[in-house]
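Novice: Build me a model:
(one chain, ligands or ions: 2)
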Amino acid sequence: MAAAPFSWIRPEPHGIHVVPADCWVDPSRAVDRALVTHGHADHARGGHGQTVATPETLAIMKLRYATSDGATPVRYGETIRLPGEVDATYIPAGHVLGSAQILLEHAGERVVVTGDYKRRHDPTCPPFAVTPCDVFITEATFGLPVFCHPPIQEEMAKLLDRLAAHPERCVLVGAYALGKAQRVIAELRRAGHAAPIYLHGAMEKMCRLYEEHGVDLGELRLVADHSKDAMRGSIVVCPPSALNDRWSRRLPEPITAMASGWMRIRQRARQRNVELPLVISDHADWGELTRTIEEVGAEENWITHGREDALLRWCQLHQRRARALALVGYEDEDD
Ligand SMILES: [Zn+2]
Ligand SMILES: [Zn+2]
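Specialist: Ligands and ions are numbered 1, 2, ... in the order given. Presented below is the predicted three-dimensional model:
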């Protein structure tokens with residue numbers, strides 16, 4: 001008798017288990033063999049025996065964990081044969097530098113694990129590629145109709161207008177250190193902002209890593225190397241955690257901004273004392289999630305990593321088979 005469809009791929013609380021290969025996708029604890037979609041800490045943990053990921057993701061993990069034991073690079077479009085006759089292909093996810101969806105093939109069945117993704121343009125990574133499959137395992141961080149990210153050009157214009165209106169101050173932008181910060185800087189350059197951008201020290205290494213991988217961020221300066229007066233009329237980028245701490249006292253009357261999909265929720269902006277909320281996310285919004293499920297056209301959709309219920313209901317209303325997975329430990333609070 002043939003095995004039940006898709007029984008070789010098992011969602012467990014701490015990751016997705018690829019049974020014949022005895023490996024895990026984005027496991028939340030150390031395992032012998034991990035397939036990692038991207039470098040964010042809730043997906044890429046250290047300590048695995050072998051880590052299969054794109055070269056960019058491996059570089060990010062090396063920077064974070066100061067070790068690259070068992071690193072096995074797979075380029076976009078490349079397929080790696082795993083034990084148990086499982087093939088894994090890494091496909092752009094459009095989320096951050098190096099981010100990939102993983103196509104798993106076994107016994108004639110195709111399963112795609114998206115990791116985190118978005119469909120909007122991002123100058124720092126190649127775009128999400130729609131990949132036909134039987135099971136589509138999608139994230140749902142912003143899986144509610146209220147989440148509709150505006151065009152990033154509008155948010156850049158808001159930021160630059162506020163800066164121009166207060167040449168004696170600075171605008172301090174809180175942004176996730178991996179991905180969001182570099183995307184915001186690259187988008188500012190695309191919008192014509194050529195002036196030096198000042199960085200909190202914690203952002204420096206990741207920005208340099210992006211530059212080493214061919215992402216042009218223009219002239220970057222460290223806040224620590226410059227006087228308060230030098231930074232008047234400038235944009236300063238820091239991790240969200242530094243927005244309200246003592247560190248910001250060295251800046252010239254900062255106008256506090258934050259770049260996050262959560263800025264859609266006023267209460268979240270107020271909690272962080274954000275004067276200028278910028279709705280910029282590296283995750284798919286509701287429209288992108290539902291469009292992607294339609295375009296992929298999988299036989300089954302497995303929904304995880306966020307607000308599963310509304311997307312599950314949407315699938316049911318649109319006659320698409322779906323289930324919610326109960327994976328633990330995935331949270332992009334600042335994204
Ligand atoms: Zn992520
Ligand atoms: Zn995530």
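Novice: And the residue of the stretch 151-300 of the chain closest to ligand 1?
Specialist: For the stretch 151-300 of the chain and ligand 1, the shortest gap (CB to the ion) falls at Asp282, measuring 6.6 Å. Where C-beta positions appear, they are placed from N, C-alpha and C, glycine not excepted.
Novice: For that residue, give its distance to ligand 2.
Specialist: Noted for Asp282: a distance of 9 Å to ligand 2, by CB to the ion, to the nearest Å.
Novice: and if you look at Arg266?
Specialist: 24 Å.
Novice: tell me the phi and psi of the residue of the stretch 151-300 of the chain closest to ligand 1?
Specialist: Phi and psi for Asp282, reported as degrees, to the nearest 10, are phi -100, psi 10.
Novice: Surely it touches Arg119?
Specialist: No. At 11.0 Å, Asp282 does not count as touching Arg119 under the criterion of CB atoms under 8 Å.
Novice: which residues does the residue of the stretch 151-300 of the chain closest to ligand 1 contact?
Specialist: With contact set as CB atoms under 8 Å, 6 or more residues apart in numbering, Asp282 has these partners: 95-96, 116, 118, 122, 176, 179-180, 183, 261, 335.
Novice: just the helices in this protein please.
Specialist: Applying DSSP state H to the chain gives helices spanning 55-65, 152-165, 180-190, 204-212, 266-271, 286-296, 308-317.
Novice: How about residues contacting the first one?
Specialist: In this case it means helix 55-65. Helix 55-65 is contacted by residues 36-39, 41, 44, 46-47, 51, 53, 68, 71, 73, 75, 97-100, 178, 205-206, 209, 212-213 when judged by CB under 8 Å, 6+ apart.
Novice: just checking: which of those residues also lie near ligand 2?
Specialist: Checked against ligand 2 using CB under 5 Å from the ion, these yield no neighbours at all.
Novice: Got the confidence number for the residue most central in space within the chain?
Specialist: Centrality entry for the chain: nearest residue to the mean C-alpha point is His95, 4.4 Å, by CA atoms, centre = their mean. For His95, the model assigns a pLDDT of 98.
Novice: Return the residues in contact with it.
Specialist: Shown in contact with His95 (CB under 8 Å, 6+ apart): 38, 115-118, 125, 179, 282-283.
Novice: Okay, Leu222 and Lys205: tell me how far apart.
Specialist: Leu222 sits 11 Å away from Lys205, going by CB to CB, to the nearest Å.
Novice: next one: Arg119
Specialist: 29 Å.
Novice: between these two, who's got more neighbours?
Specialist: Using other CB atoms under 10 Å, the more surrounded residue of Arg119 and Lys205 is Arg119, with 17 against 12.
Novice: So for that one, what's the nearest residue that isn't a sequence neighbour?
Specialist: Using CB to CB, 6 or more residues apart in numbering and skipping residues adjacent in sequence, the residue nearest Arg119 is Glu288, 4.3 Å away.
Novice: so who does the one you found touch?
Specialist: Residues near Glu288 by CB under 8 Å, 6+ apart: 118-120.
Novice: right, and the helices of the chain - which one's nearest Ala4?
Specialist: helix 308-317 (20.9 Å; CB to CB).
Novice: What average pLDDT does stretch 195-215 get?
Specialist: Per-residue scores along stretch 195-215 average to 98.
Novice: Strands along the stretch 101-250 of the chain, start to end?
Specialist: 109-113, 135-140, 170-174, 197-199, 220-222, 235-238 (DSSP state E, counting those that start in this stretch).
Novice: For these, please prepare TSV with the additional fields mean neighbour count and distance to ligand 2.
Specialist: Below are those laid out as TSV (neighbours: other CB atoms under 10 Å; distance: least, CB to the ion, whole Å):
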stretch	mean neighbour count	distance to ligand 2
strand 109-113	22	12
strand 135-140	25	7
strand 170-174	26	18
strand 197-199	23	24
strand 220-222	15	26
strand 235-238	25	21
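Novice: would TSV of those with distance to Leu63 be doable?
Specialist: Shown next, in TSV, are the strands of the stretch 101-250 of the chain (distance: least, CB to CB, whole Å):
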stretch	distance to Leu63
strand 109-113	24
strand 135-140	24
strand 170-174	21
strand 197-199	15
strand 220-222	17
strand 235-238	18
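Novice: what's the closest of those to Pro150?
Specialist: strand 170-174 (16.3 Å).
Novice: List the strands paired with the closest one, with their directions.
Specialist: Under the criterion DSSP bridges, strand 170-174 sits next to strand 235-238 (parallel), strand 254-259 (parallel) in its sheet.
Novice: Next, work out how far apart the residue of the stretch 151-300 of the chain closest to ligand 1 and Ala194 are.
Specialist: From Asp282 to Ala194 the distance is 24 Å (CB to CB).
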